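> Give me a 3D structure for the following:
(3 chains)
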Amino acid sequence: MEIQWVAMIEQLEIDVREPGLHEITASVAKIVTGSGLREGLCTLFLRHTSASLTVQENADPSARRDLEAWLDRLVPERDPLYTHTAEGPDDMPAHIKAALTTTSLSIPVVDGRLALGTWQGIYLWEHRRYRNRRNIVVHMGS
Amino acid sequence: MEIQWVAMIEQLEIDVREPGLHEITASVAKIVTGSGLREGLCTLFLRHTSASLTVQENADPSARRDLEAWLDRLVPERDPLYTHTAEGPDDMPAHIKAALTTTSLSIPVVDGRLALGTWQGIYLWEHRRYRNRRNIVVHMGS
Amino acid sequence: MEIQWVAMIEQLEIDVREPGLHEITASVAKIVTGSGLREGLCTLFLRHTSASLTVQENADPSARRDLEAWLDRLVPERDPLYTHTAEGPDDMPAHIKAALTTTSLSIPVVDGRLALGTWQGIYLWEHRRYRNRRNIVVHMGS
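Numbering: from 1, shown residues only, chains lettered A, B, ... in the order given. So this is what the prediction gives:
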């Protein structure tokens, strides 16, 4: 028996300039291709608590805009409930939005490619307003 | 040292005829049993953006009905906020519901069985109204 | 070729006395250190449907209190929508809160440590009011 591939970990840095869904599918796919993994599992882990990861429709941008607008309305800024306000009016909503979505995401790799559905894209969802550099750890295992 | 098991990927196709929580525990368990994996991790990835995966109580159906009714009320159809309406009134709510739940799910395998709790079942949560064939990629790794 | 590490599964038992976010970062880190895993993936799976797992800010406790208060307001007890009321007024809200957050969580291990961000902690989010013993299965794989 021969095992040619066990695991690899890479870092993905994303510069974001505004809140909302930022597609990272191509960057993740490039890491998977570069790793040489043919069959396995690719897991993304976001190292922040005011942004999140999500898989969403990559076809019509209006679906993503509606999703962002809906979540902004559900979790508005300046809610009198908030006591954690020292880091700005967008900080506490960002933590809540992150808790309602996900920090880690696992996608199988089949024939050397991410096994995404036809209409699926991988997104970094930035919940804060200012410019940020976001760090995602990418684990690939057989 | 001997390694007898590294990884296996299977596809699970689910025909759904109505929205709501559809239990898939037995189908996933059958794939795990068939794989021969004794100790490891089973990861499900749903290849769609208008349905989701969840682990919920499998005992009392009223808990699942309340969960569905609650989410339907939180994310109603025909919300004036929506601009993405071309694919039907249930499409945009479906994307939002998918974003609030999960697309991937990992469950350890112990002694050849999914390590679910006593009251846990695995569910495909269909968020659209019409009949659908949904595809789940099942990765099993040691 | 030599493979020294494939996978290990441990159980983590948490006694909780009240609802809310209970930090388990140190307990998980101890299991990872004890396993000897240097590079890989640590996956947590919670074996319950009325609590959840989340990664949140571990710095200012007010952020966690606001997060709990916000979710309590979104998913109140004694909502007339609920029909599943036999297990107490906090039971159905607990299932809904669990569905909105996550049951499994995967964190890469780099240089023998969980690759958490500076401000990230791992939390068991108890959604029920009474004392509970909660069980988390911890899978570590290369």
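> SS state for the residue in chain A that chain B sits nearest to?
Across chain A, no residue is closer to chain B than residue A:117, which sits at 3.3 Å (Cβ to the nearest Cβ). The way it works is simple: take the backbone N, C-alpha and C, and place the C-beta from them, glycine included. Here residue A:117 is coil, with the state taken from DSSP: H, G, I helix; E, B strand; the rest coil.
> separation between it and residue C:111?
When distance is defined by Cβ to Cβ, to the nearest Å, residue A:117 is 35 Å away from residue C:111.
> So those two - more neighbours on which side?
Comparing residue A:117 with residue C:111 by neighbour count (other Cβ atoms under 10 Å in any protein chain shown), the higher total belongs to residue A:117, at 18 against 8.
> ok, that one touching residue B:49?
Yes: proximity of residue A:117 to residue B:49 meets the contact threshold set by Cβ atoms under 8 Å, at 7.3 Å.
> if I pick the closest residue to residue A:47 other than its chain neighbours, what's in contact with it?
Counting by Cβ to Cβ, 6 or more residues apart in numbering or on different chains, residue C:117 is the residue found nearest to residue A:47 once chain neighbours are left out, at 3.3 Å. Under the criterion of Cβ atoms under 8 Å, 6 or more residues apart in numbering or on different chains, the contact list for residue C:117 reads A:46, A:47, A:48, A:49, A:135.
> Please apply the same query to residue A:79.
Contacts here follow Cβ under 8 Å, 6+ apart; on that basis residue A:79 touches A:92, A:93, C:70.
> cool, residue A:124 as well?
The neighbourhood of residue A:124, defined by Cβ under 8 Å, 6+ apart, consists of A:14, A:16, A:21, A:22, A:24, A:46, A:51, A:52, A:53, A:134, A:136.
> does the second one have beta-bridge partners, and which?
The reference is to residue A:16. Judged by DSSP bridges, the bridge partners of residue A:16 are residue A:132.
> And the pLDDT at it?
Looking at residue A:16, its pLDDT is 96.
> With the fourth one instead?
The score at residue A:22 is 97. That number is its pLDDT.
> For the contacts of residue C:117, which ChimeraX command selects only the ones that are buried?
Applying 16 or more other Cβ atoms under 10 Å in any protein chain shown to the contacts of residue C:117 leaves a buried subset, and the ChimeraX line that selects it is:
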select /A:46,47,48,49
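> hang on, the earlier thing: any chance of the contacts of residue A:79 in CSV, plus pLDDT?
Below are the contacts of residue A:79 laid out as CSV (pLDDT from 0 to 100):
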residue, pLDDT
A:92, 97
A:93, 98
C:70, 98
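> Name the residues linked to the residue most central in space within chain A by a beta bridge.
Averaging the C-alpha coordinates of chain A gives a centre point, and the residue nearest to it by Cα atoms, centre = their mean is residue A:53 (2.4 Å). Beta-bridge partners for residue A:53, by DSSP bridges, are residue A:102, residue A:124.
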